[in-house]
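J.: only geometry, no sequence info:
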């Protein structure tokens, strides 16, 4: 049996599973990367570890220091776990619209949680800008800056993409996921393209985000809204610059939730809405590429993080997802 050298070595090397329903629906082999098996139960553990290690290497994060970040929740959870293991404090700024489970988890991990009203990125009250100011005001603190810190996407170039390539034995026709910071889609895309330029990289973009229109027509333009947490972007972050995106799909919440339900009812996977949107995108990409193709996507986090929202019938009814 393999043993990990320390707890942070448990981040990454996640399983890849063939998803029966999506594969049958698309006529392809669709695989999900089980990022909910990371210690913090999401893919954001990878970015958190990479950002901290980069800050340690460049000397900006010193022993006993603090890590400040603005996040929808999962990156904050990953940072709190990494910080605990390395001896740092964490201060996490999060929109008050995120799930109660994420807030409770951050507090349980010992992070100082600062909740702010949801605001557009153009507002100085946006959670990202608030976290930057807090970092500047806190002695010995660094700002993780997950959206524009490219240590984020490097974690996926050297980690996630390499794992997918090895697990699929080099037979990868497509990869697709949504973008939040852009680190996953850009990093995995770059890593897979370096192996085989023919791998098709697709974007699954929720309503309320602007990237579908950008990659389809060159204009950052949003339409509608989504209740999915942690995905959807209205600007080209540093992590997204140069992302090798070949095709794009607009995925609605109803379509994404349909796959959340099917994966739970038929395959025993309890996932969040971002994973459902990714799987819906993989089915669409499979139909576009043709029967028999092999496609990977990201199962971002556990559904146990959304018991008070996505898995609550009254909440779903209010959001039109009943």
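T.: That came through, no problem. Quick caveat: nothing in here was measured; it's all calculated off a predicted structure.
J.: Surely residue 7 and residue 45 touch.
T.: No - look at residue 7 against residue 45 with Cβ atoms under 8 Å: they stay out of range, at 10.9 Å. All C-beta atoms are positioned from the backbone trio N, CA, C, and that covers glycine.
J.: Quick check: neighbours shared by those two?
T.: residue 39 (Cβ atoms under 8 Å, 6 or more residues apart in numbering).
J.: Between these two, which has more neighbouring residues?
T.: Set residue 7 next to residue 45 and count neighbours by other Cβ atoms under 10 Å: residue 45 wins out with 28 against 12.
J.: buried set for the helix or strand where that one lies?
T.: Element membership for residue 45, per DSSP states H and E: helix 44-57. When neighbours are counted by 16 or more other Cβ atoms under 10 Å, the buried residues of helix 44-57 are found to be 44-56.
J.: what about residue 92, helix or strand, and which?
T.: Judged by DSSP H and E, residue 92 forms part of strand 89-95.
J.: what's the closest non-adjacent residue to residue 75?
T.: Once flanking residues are discounted, residue 75 sits nearest to residue 44: 4.2 Å by Cβ to Cβ, 6 or more residues apart in numbering.
J.: Quick check: the one you found vs residue 98, distance?
T.: Using Cβ to Cβ, to the nearest Å, we find residue 44 at a distance of 13 Å from residue 98.
J.: so who does residue 47 touch?
T.: So residue 47 contacts 75, 78, 146, 151, 152, 155, 181, 183 (Cβ under 8 Å, 6+ apart).
J.: Same question for residue 9.
T.: Going by Cβ under 8 Å, 6+ apart, the list of residues near residue 9 is empty.
J.: Am I right that it falls within a strand?
T.: No - Residue 9: not assigned to a strand; according to DSSP: H, G, I helix; E, B strand; the rest coil it is helix.
J.: can you pull the pLDDT of it?
T.: In this model, residue 9 is scored at 97, pLDDT.
J.: The one 10 residues further on now?
T.: At residue 19 the predicted local distance difference test score is 98.
J.: correct me, but it touches residue 279?
T.: Yes - if you go by Cβ under 8 Å, residue 19 and residue 279 touch, sitting 6.7 Å apart.
J.: In terms of neighbours, single out the busier of the two.
T.: residue 279 (32 against 25).
J.: in whatever helix or strand that one lives in, what counts as buried?
T.: Using DSSP H and E, residue 279 sits within helix 273-289. Judged by neighbour count using 16+ other Cβ under 10 Å, the buried positions of helix 273-289 are 273-286, 289.
J.: Great, nothing more from me.
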